[in-house]
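Asker: Need a 3D model of the following:
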Amino acid sequence: MKVKCQFHKNTEIFPIMIHFGTSPLGNRQYVCARCARIREFGHGKITYIFKNYGYINNGKRDIFFHFNNINKKLQPSVEMPVKFEIRFKDNGFEAINVTQTN
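Answerer: So this is what the prediction gives:
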């Protein structure tokens, strides 16, 4: 899987990120060799849905997601296999770019 650093969109350089292991959350981590920013990707199954949010279990822990962070065409359901990216926030983290896997 080739991952590009999203920070360099407005420059001529769009470096490919380097896989450097598994995070404490149980997801794959990538680092940009140019700016050292980290992106984290995972997969799992939706385990809980309520109104406009839910949780994905990646085999290690439950990860929060909001319906604003899922593919617009996706109708999430419990036990649906998904892949996602982690966004780190001041008060924790959440799954973004949530899409269904086969």
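Asker: C-alpha only now, for contacts and for neighbours.
Answerer: Noted.
Asker: who's in contact with the residue positioned nearest the centre of the chain?
Answerer: Centroid-nearest residue in the chain: residue 85, 1.0 Å away (criterion: Cα atoms, centre = their mean). Taking Cα atoms under 8 Å, 6 or more residues apart in numbering as the criterion, residue 85 is in contact with 39-42, 95-98.
Asker: any idea which helix or strand comes after the helix or strand that contains it?
Answerer: Using DSSP states H and E, residue 85 falls within strand 81-89. Where DSSP H and E defines the elements, the next helix or strand beyond strand 81-89 is strand 92-100.
Asker: and the angle from that next one to strand 81-89?
Answerer: Here strand 92-100 runs at an angle of 150 degrees relative to strand 81-89 (axes from the mean of the first three to the mean of the last three Cα atoms, to 10 degrees).
Asker: Mind checking the pLDDT average for strand 92-100?
Answerer: Averaged across strand 92-100, pLDDT comes to 93.
Asker: Taking the chain centroid, which residue in this protein is the extreme one?
Answerer: The outermost residue of the chain relative to its centre, with distances by Cα atoms, centre = their mean, is residue 12 at 25.5 Å.
Asker: Tell me how far it lies from residue 33.
Answerer: As judged by Cα to Cα, to the nearest Å, residue 12 and residue 33 stand 15 Å apart.
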